[in-house]
Structure formats: structure tokens, C-alpha cells
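*Asks:* Model the structure of this input:
(one chain, ligands or ions: 2)
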Amino acid sequence: MTVYKALTIAGSDSGGGAGIQADLKTFQELGVFGMSAITAVTAQNTLGVQGVYPLSAEAVAAQIESVAADLGADAVKTGMLFSADIIRTVAEQVKKHGWERLVVDPVMIAKGGAPLLQEEAVAALKEALLPLAFVITPNIPEAEALTGIAIRTMDDRREAARLLHRMGARYVVIKGGHDDEGEETVDLLYNGSEFSYFKSKRIDTRHTHGTGCTFAAAVAAELAKGRHPVDAVGTAKSFVQAAISEPLGIGQGHGPTNHWAYRQYGE
Ligand SMILES: Nc1ncnc2c1ncn2[C@@H]1O[C@H](COP(=O)(O)OP(=O)(O)O)[C@@H](O)[C@H]1O
Ligand SMILES: Cc1ncc(COP(=O)(O)O)c(N)n1
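*Replies:* Numbers count the residues shown, from 1 in each chain. Ligands and ions are numbered 1, 2, ... in the order given. Below is the predicted model of the structure:
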């Protein structure tokens, strides 16, 4: 039996819906062995982020080295990286271990508004990590912060995707969860020459805590199995749609998605 392995480098969400916890659940559901390097511990639940406790860049590097030295990874995903120091360390590690199937989810702000990336770290993200990304998966506000383009229309989104590709990402996905017009959510994919659109029915719900993490983790899991990025994004969109469609109804605020819905109910 071939065991595919994926490594997530991200923050811990004590509430279990986003971050490392969402990533590992998603890897598991998609049949991939999950490993983790934690960048920061957050005290968090469905009501918000109550505390952020970053680890040192050295502690992040040590976790990655341990994984690389023994297990290896078929794909790597990054989420909350918090500081420029951690970003540069992660970029060095990715280069050192020759990891090409890298999914960069440029996490900046939690849904409730708490910052998960220091403002001055955006430049490091652009310079050091973005050029290493095989797939980058910003939401609309993150794409705006990375490109400086105000995104109102699909044309703006296409322009931002072209720029992110020029900045070094091989495949660019600009997710459409924050575009709340219309009946559908549309995720845009750009491969440097053409655009593809992944659409699904917009679900009217506030239980979307962790959707971005889950989406990027599903892309990484599928890449770990050797699938083409276009197919990986298609599966990720279906996985997230199922996870949002069958809410668990736990917590008093923005509840987590249902990571086992895809396995149980399919698309
Ligand atoms: N209300 C919704 N209904 C259906 N899909 C959604 C909804 N909100 C987000 N999604 C999907 O969840 C994923 C994450 O989207 P988005 O909200 O843009 O990112 P983030 O969670 O990083 O802010 C995307 O695939 C998006 O299409
Ligand atoms: C530790 C951590 N990482 C990432 C997110 C973003 O979550 P979302 O997927 O809802 O954008 C989060 N809330 N907490």
C-alpha cells in the first residue's frame, strides 16, 4: 500500500474548526497521512480568538526538520504563519527539502477580525514564500492585500490572479466566499494562461469557521496523491461544499464545518 503524506505548517485552533486541526481532519478524510509543524497556538472558539501565542522560528524549523529527516512529505501546506521571521524560516525549509507541491494559504485575519499575521509580515510573504507556491489560495481580502488591487468584479479578480502569477505562484486560486452577491460561490483558478471557475450553490449560513483552511488542506491532500492541481481544486471545492452543507450545530458563534460530510454524503 502506498501511503501518501502531507505536512501542514500552521496555527493551532483550540476550537478544532480551523488551523492545524482542520488540516489534519481534512487530510485524514481524504486518505492522506497528516503531519504538522505548529507556528502559533491560538486560544480560540466559535466566538472568536481570545489569545495568540506564537512559537519561535527555531521551534517551527525544528518540527519541520524532524518530519523531513524521517517521514518526508508528498505535499506541504502553509496556513497561519504569524511573523516575518517564521515566514522566512518556512521558506528556507521548503527550499532545503526540495518541496515543490506547496500550497500557500495566505491566512491574515480570522473571520471575527483578529489578526493572525503581523502587518509587517505581508512583505515577507510576498518576497519569500509566494514565489515558492505551487498553488496559492487567497480569499478576496487577502488577494487585495497581496496585490494592492481593489477587487469588486470578476475582472478585478482576474487581474489580481494574473499579478499573483507574475509574482511567482504557479497556480492561483482566488476564492469567492467573500463575494456575497448572487446564488453561487465561484472560486477562480489561473494557471498562467487560462482561467477556470469552480462554482457551487451559496449556502446561507454563518457556520463557515475554517472553510479556507479546509479548502487549502484538501488541495494539498489531493496534490500529495499526485493529482493535477485543477482536479485537486475541484475536489477541494466539493469537499468544502459538503462540509458547509451539513453543519454540526456546535458552539455559540460561527460554527465549524463538518469534515466528515464529504465521506458520508459525497458532494
Ligand atoms: N456560504 C458559502 N456557501 C458555499 N461555499 C462557500 C461559502 N462560503 C465560502 N465558501 C467556499 O469555501 C471556501 C473558502 O472560501 P472563502 O470564504 O473565500 O475563504 P476564507 O475561509 O479563507 O475566508 C471556498 O471554496 C468558497 O467557495
Ligand atoms: C489558527 C487559525 N488558522 C487559520 C484561521 C482562519 O480560518 P478560516 O479558514 O475561517 O479563514 C483561524 N481562524 N485560526
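
*Asks:* phi, psi of the closest residue to residue 191 other than its chain neighbours?
*Replies:* Nearest non-adjacent residue to residue 191, counting by CB to CB, 6 or more residues apart in numbering: residue 171, 5.6 Å away. In short, each C-beta sits where N, CA and C put it, glycine included. Per-residue torsions, residue 171: phi -120, psi 130 (degrees, to the nearest 10).

*Asks:* Can you report how many residues neighbour residue 171?
*Replies:* Neighbour count for residue 171, taken as other CB atoms under 10 Å: 25.

*Asks:* what about the strands in the stretch 1-150 of the chain?
*Replies:* Under the criterion DSSP state E, counting those that start in this stretch, the stretch 1-150 of the chain contains strands at 5-13, 33-45, 48-54, 75-78, 102-104, 135-136.

*Asks:* nearest residue to residue 150 other than its sequence neighbours?
*Replies:* Residue 150's closest residue in space is residue 144 (CB to CB, 6+ apart), at 6.2 Å.

*Asks:* these two touch, right, the one you found and residue 157?
*Replies:* No - Residue 144 is not in contact with residue 157 according to CB atoms under 8 Å; the separation is 9.9 Å.

*Asks:* Residues that sit against both of these two, list them.
*Replies:* residue 151 (CB atoms under 8 Å, 6 or more residues apart in numbering).

*Asks:* what about those two, which has more around it?
*Replies:* residue 157 (25 against 18).

*Asks:* need the contact list for the more buried one.
*Replies:* Going by CB under 8 Å, 6+ apart, residue 157 touches 140, 143, 151, 174, 176, 188.

*Asks:* if I've got this straight, the third one is in a strand?
*Replies:* In other words, residue 151. No - applying DSSP: H, G, I helix; E, B strand; the rest coil, one finds residue 151 to be coil, outside a strand.

*Asks:* and it, how many neighbours does it have?
*Replies:* By other CB under 10 Å, 21 other residues sit near residue 151.

*Asks:* what sits against the closest residue to residue 266 other than its chain neighbours?
*Replies:* Nearest non-adjacent residue to residue 266, counting by CB to CB, 6+ apart: residue 242, 7.0 Å away. Each residue near residue 242 by CB under 8 Å, 6+ apart is listed here: 258, 261-262, 265-267.
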